[in-house]
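J.: After the sequence you'll find the predicted model.
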Amino acid sequence: MPNTKNQPYYFKHKNKGRFIEACLLCLLKENKSYGYNLLKDLADFGFIEGEINISIIYRNLKNMENENLIVSSWLESDEGPSKKVYEITEKGEEKLSYWIKFLNERKKRINLITGKYNSLK
């Protein structure tokens, strides 16, 4: 994982944050989950601890729920407070599919740019 402390300001959180929706949808396609667990699981996508505030996760979850990409329900527990659990909907799976197509196209362009740059060395 690259060190973000030495990166220019425009590489810090701005670019990664754009893809949180895709990451969350992908995690929810794998399993139902709740906010803090999703925050922890973002490490699977290269996010480091403390890079994203939980409020950003919940804001994204609320927006995705408003768009019917996910649904939530309350999970009762004898061992602690109830937790709001999220799961992906069919519409959410369609949006995730769109994201994957978009990211694959973006990856092709990135490979073209980096290939060109590497050939100039």
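T.: In hand now; what should we look at? Residues are numbered from 1 along each chain as shown.
J.: I'd assumed G35 was in contact with K84.
T.: Yes. Counting by Cβ atoms under 8 Å, K84 touches G35, with 7.1 Å between them. Backbone N, C-alpha and C define where each C-beta goes, glycine included.
J.: Which one's more surrounded, those two?
T.: With neighbours defined as other Cβ atoms under 10 Å, K84 and G35 compare such that G35 has more, 19 against 13.
J.: Distance of S33 relative to K121?
T.: 43 Å (Cβ to Cβ, to the nearest Å).
J.: Who has more neighbours out of the two?
T.: S33 (19 against 4).
J.: What values do phi and psi take at N31?
T.: phi -160, psi 150 (degrees, to the nearest 10).
J.: Which pLDDT value goes with it?
T.: At N31, the pLDDT value in this model is 97.
J.: I'd like the numbering to begin with 33 instead of 1 from here.
T.: I'll keep to 33 as the first residue from here, and by that count the last item is N63.
J.: so where do the strands sit in this protein?
T.: Per DSSP state E, the chain carries strands over the ranges 65-66, 102-107, 115-120.
J.: Which one of those lies nearest to L93?
T.: L93 lies closest, by Cβ to Cβ, to one member of the strands of the chain: strand 115-120, at 5.9 Å.
J.: Next, the buried residues of the closest one.
T.: 115, 117-118, 120 (16 or more other Cβ atoms under 10 Å).
J.: Could you list the low-confidence segments of this structure?
T.: 33-49 (pLDDT under 70).
J.: Can you list the residue ranges for helices in it?
T.: Under the criterion DSSP state H, the chain contains helices at 45-49, 52-62, 67-73, 86-98, 122-151.
J.: mind putting those in a markdown table, distance to L107 included?
T.: A markdown table is the format used below for the helices of the chain (distance: least, Cβ to Cβ, whole Å):
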| stretch | distance to L107 |
| --- | --- |
| helix 45-49 | 28 |
| helix 52-62 | 14 |
| helix 67-73 | 11 |
| helix 86-98 | 15 |
| helix 122-151 | 19 |
